[in-house]
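Q: Prediction below, plus the sequence it came from.
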Amino acid sequence: MRDKRFLKHLPVKLAVVVLLVPAFLAFTVPAEAWTRSRTRTGWAGRSATKNVTGTRTGTGYNRTATVTGPQGNTATRQSGGNWDPATKTWTRNVVVNGPFGQ
């Protein structure tokens, strides 16, 4: 009798395993580094490009974004965050440099 109940629910159990294991692995194995590049074209064919790179650290992240405008001017934003488990605080730093060194 017990074997019949086990077999009756076997497809449900297998479906749960098949769906949950990949989801679990996706969240427990994050990417260590990534890049993204995007170009937008606006009025009169002018375009701007944004390049973003990021890395995951042991307790936080580092990220750099650079935007290059239609006339070749660039602006950068560097940010990073860090978790301190001893004090249970999150620290975030951001530095922005404008297109003319501002």
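A: Here it is on my side, so go on.
Q: Could you use CA atoms for every contact and neighbour count after this?
A: Noted.
Q: So which residues of this protein form strands?
A: 33-41, 47-56, 60-68, 74-84, 89-97 (DSSP state E).
Q: if you compare those strands, which one is most tucked away?
A: Most buried of the strands of the chain, by mean neighbour count (mean count of other C-alpha atoms under 10 Å): strand 60-68, with a mean of 18.
Q: mean confidence for that strand?
A: Averaging pLDDT along strand 60-68 yields 96.
Q: Direction included, what does it pair up with?
A: If you go by DSSP bridges, strand 60-68 pairs up with strand 47-56 (antiparallel), strand 74-84 (antiparallel).
Q: So for W34, which of those sits nearest?
A: strand 47-56 (5.4 Å; C-alpha to C-alpha).
Q: neighbouring contacts of that closest one?
A: Strand 47-56 is contacted from outside by 31-41, 61-70, using C-alpha atoms under 8 Å, 6 or more residues apart in numbering.
Q: for stretch 83-90, same thing?
A: Outside stretch 83-90, the residues touching it (C-alpha under 8 Å, 6+ apart) are T59, G60, G81, N82, T91.
Q: residue contacts, the first one?
A: By C-alpha under 8 Å, 6+ apart, the contact set of T59 is N82, W83, D84.
Q: what domains does the record give for the protein?
A: What automatic domain parsing lists as the domains of the chain is 1-30, 31-102.
Q: Any idea what G60 is bridged to?
A: N82.
Q: ok, it to T66 distance?
A: 21 Å (C-alpha to C-alpha, to the nearest Å).
Q: coming back round to it: comparing the domains of the chain, which gets the lowest mean pLDDT score?
A: domain 1-30 (a mean of 55).
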